[in-house]
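Trainee: Have a look at this prediction, sequence included:
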Amino acid sequence: SALGAKYLARPDAETLLVVGAGEMARWLVRGHRTVRPSLKRVRVWNRTVERAQELAALLESDGIATEAVTDLDAATAEADIITTCTRSREPLVKGANLRPGTHLDLVGGFTPDTRESDDEAARRSRIFVDRRESAFDGVGDILAPIASGAIKESDVLGDHYDLATGQVAGRLSNSDITFFKNAGGGHLDLMTCETVFAQLGKELR
């Protein structure tokens, strides 16, 4: 997710909205703040308000300006980066509420019947995924808007490989809405770690 934001989020992003307050949320905040040190504030929304408040307090204890919010639509409209980490079966982020320039990072849904954003969010966005093979293999946030006709398969413009090698341009302007679907997989994390450690080993030698 952070690598996706590195290529796709505006460099002057200031407000991060976290949708979902589970175990992954804290680390998503750390990742996004690493690649976008411009982030000044974090807002947290969760179906259970108490969980959002607990995460906000935890992040505050780490020195991160954070508040829990209850109005997701309003928070969506004010965010520069939105990261979602839920198992929702109903779209939470509505495309009509996304302002120009927003980067949307969808992490939680990984089955055909899970959705974290609606068709309008996909229709308005430049769409990227972590890995094409994963994204088209039963991921609701990609397959559902294709099935409804909101987007075509060709509207998925690229994945990490394309972005990293410059084969596909990410954000074309500050007004673009960018959509990154992280289908995930522990094997990808292990492969990335292996590559990093191999490179560190070369540098140490």
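Mentor: The structure has been received and is ready for your questions.
Trainee: Which parts of this protein are helices?
Mentor: Per DSSP state H, the chain has helices spanning 2-8, 25-35, 49-61, 72-78, 119-123, 132-135, 140-148, 160-165, 186-204. These are given in chain order.
Trainee: now these in JSON lines, with mean pLDDT and distance to Leu172?
Mentor: Using the backbone N, CA and C atoms, a C-beta is placed for each residue, glycine as well. Shown next, in JSON lines, are these (pLDDT from 0 to 100; distance: least, C-beta to C-beta, whole Å):
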{"stretch": "helix 2-8", "mean pLDDT": "95", "distance to Leu172": "11"}
{"stretch": "helix 25-35", "mean pLDDT": "96", "distance to Leu172": "19"}
{"stretch": "helix 49-61", "mean pLDDT": "97", "distance to Leu172": "32"}
{"stretch": "helix 72-78", "mean pLDDT": "98", "distance to Leu172": "22"}
{"stretch": "helix 119-123", "mean pLDDT": "98", "distance to Leu172": "17"}
{"stretch": "helix 132-135", "mean pLDDT": "83", "distance to Leu172": "20"}
{"stretch": "helix 140-148", "mean pLDDT": "95", "distance to Leu172": "21"}
{"stretch": "helix 160-165", "mean pLDDT": "92", "distance to Leu172": "13"}
{"stretch": "helix 186-204", "mean pLDDT": "75", "distance to Leu172": "27"}
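Trainee: closest to Thr111 out of those helices?
Mentor: Across the helices of the chain, Thr111 has its closest neighbour in helix 140-148 (6.4 Å, C-beta to C-beta).
Trainee: Quick one: list the elements packing against the closest one.
Mentor: Where contact means 3 or more C-beta pairs under 8 Å, 6 or more residues apart in numbering; DSSP states H and E, helix 140-148 is packed against helix 119-123.
Trainee: Buried ones in the helix it packs on, by neighbour count?
Mentor: Of the residues in helix 119-123, those buried under the neighbour-count criterion (16 or more other C-beta atoms under 10 Å) are Asp119, Glu120, Ala121, Ala122, Arg123.
Trainee: same question, stretch 165-183
Mentor: Burial within stretch 165-183, assessed by neighbour count using 16+ other C-beta under 10 Å, is assigned to Gly170, Arg171, Asp176, Ile177, Thr178, Phe179, Phe180, Lys181, Asn182, Ala183.
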